[in-house]
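This is a predicted model, with the sequence first.
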Amino acid sequence: DAGVIQSPRHEVTEMGQEVTLRCKPISGHNSLFWYRQTMMRGLELLIYFNNNVPIDDSGMPEDRFSAKMPNASFSTLKIQPSEPRDSAVYFCASSSSGGAQTQYFGPGTRLLVL
Amino acid sequence: ELKVEQNPLFLSMQEGKNYTIYCNYSTTSDRLYWYRQDPGKSLESLFVLLSNGAVKQEGRLMASLDTKARLSTLHITAAVHDLSATYFCAADPNTGNQFYFGTGTSLTVIP
């Protein structure tokens, strides 16, 4: 299996621009998670989906952030407009509701907002 | 909300020494996960502990779970430099698939 796939791996943008991060979960997994990691705040859960439905978005910082999962194999996290404080590494993870339910993480997108 | 605390946050140890990282969580959880993160990399699953008394070992690392004490430990035996990384524990409160992560323990093994 290819594992969780994220794109882009690196993104540099200017304040005010729209940023879209993409994630393809492991085939067969029905849960998908978006995390943000910074030195100051550590690893934060932003939102997660079960069977393509958003279950908990309480971690989404503000209305500038939105996430969608139109089908079982694709999800996006959008920031509009972006701000310098959004600079972080964004991870997508997926898991299966059966078995050990381990979350498998993608390689992350390193975002820098200037 | 489930709270997960790890200690120590930073650990510097000499090669060949033993040490233990502790992971405490605040509410009932039967599942505990350990991850490793190398600098600039993603999180890699190390261990999955699914019941009270569970013990898993891989090389110089051994993880255990005591659900009654709400405590998991990651024991390092005869540390080597390759073990230098940040280690996270995560608890699943049995209310869905959401994990609650600890703050991580940054381990540096000094030759």
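Happy to help now that I have it.

Quick check: nearest residue in space to residue A:101, chain neighbours excluded?
Using C-beta to C-beta, 6 or more residues apart in numbering or on different chains and skipping residues adjacent in sequence, the residue nearest residue A:101 is residue A:95, 5.2 Å away. All C-beta atoms are positioned from the backbone trio N, CA, C, and that covers glycine.

close to chain A, is the lowest-mean-pLDDT helix or strand in chain B?
Across the helices and strands of chain B, mean pLDDT, DSSP states H and E gives its lowest value to strand B:100-101, namely a mean of 92. Yes - Strand B:100-101 lies within reach of chain A by C-beta under 8 Å from any C-beta of the partner chain, at residue B:101.

Which SSE is immediately downstream of that strand?
Reading on from strand B:100-101 to the C-terminus, the next helix or strand found by DSSP states H and E is strand B:105-110.

any idea how far the residue nearest the centre of chain A is from chain B?
Chain A has residue A:34 as the residue nearest its centroid, 3.2 Å off, counting by C-alpha atoms, centre = their mean. Separation of residue A:34 from chain B (C-beta to the nearest C-beta, to the nearest Å) stands at 12 Å.

bridging residues for that residue?
With DSSP bridges as the criterion, residue A:34 is bridged to residue A:47, residue A:92.

What segments of chain A are helices?
Using DSSP state H, no helices are found in chain A.

Quick one: neighbours of residue 36, just the number.
I'll assume chain A. 22 (other C-beta atoms under 10 Å in any protein chain shown).

could you do chain B instead?
Residue B:36: 19 neighbours (other C-beta under 10 Å).

any idea how far the residue lying farthest from the centre of chain A is from chain B?
Here chain A reaches farthest from its C-alpha mean at residue A:99, the gap being 23.2 Å by C-alpha atoms, centre = their mean. For residue A:99, the distance to chain B equals 9 Å [C-beta to the nearest C-beta].

For that residue, give me the pLDDT.
With respect to pLDDT, residue A:99 scores 72.

Now it: phi and psi?
Dihedral pair for residue A:99: phi 70, psi -140, per degrees, to the nearest 10.

List the buried residues in the helix or strand hosting residue B:36.
Using DSSP H and E, the element containing residue B:36 is strand B:31-37. Neighbour-count burial for strand B:31-37 flags B:31-37 (criterion: 16 or more other C-beta atoms under 10 Å in any protein chain shown).

Tabulate those residues (TSV), appending distance to chain A.
TSV is the format used below for the buried residues of strand B:31-37 (distance: C-beta to the nearest C-beta, whole Å):
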residue	distance to chain A
B:31	7
B:32	11
B:33	6
B:34	10
B:35	8
B:36	11
B:37	9
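
what about the nearest residue to residue A:11 once chain neighbours are set aside, how many neighbours?
Take residue A:11 and drop its neighbours on the chain: the residue closest to it by C-beta to C-beta, 6+ apart is residue A:111, 4.9 Å away. Residue A:111: 21 surrounding residues under other C-beta under 10 Å.

For residue A:111, give its distance to residue A:82.
Residue A:111 sits 8 Å away from residue A:82, going by C-beta to C-beta, to the nearest Å.

that older thread, which strands and helices lie in contact with the least confident helix or strand of chain B?
Secondary-structure packing of strand B:100-101 (3 or more C-beta pairs under 8 Å, 6 or more residues apart in numbering or on different chains; DSSP states H and E): strand A:42-50, strand B:85-92.
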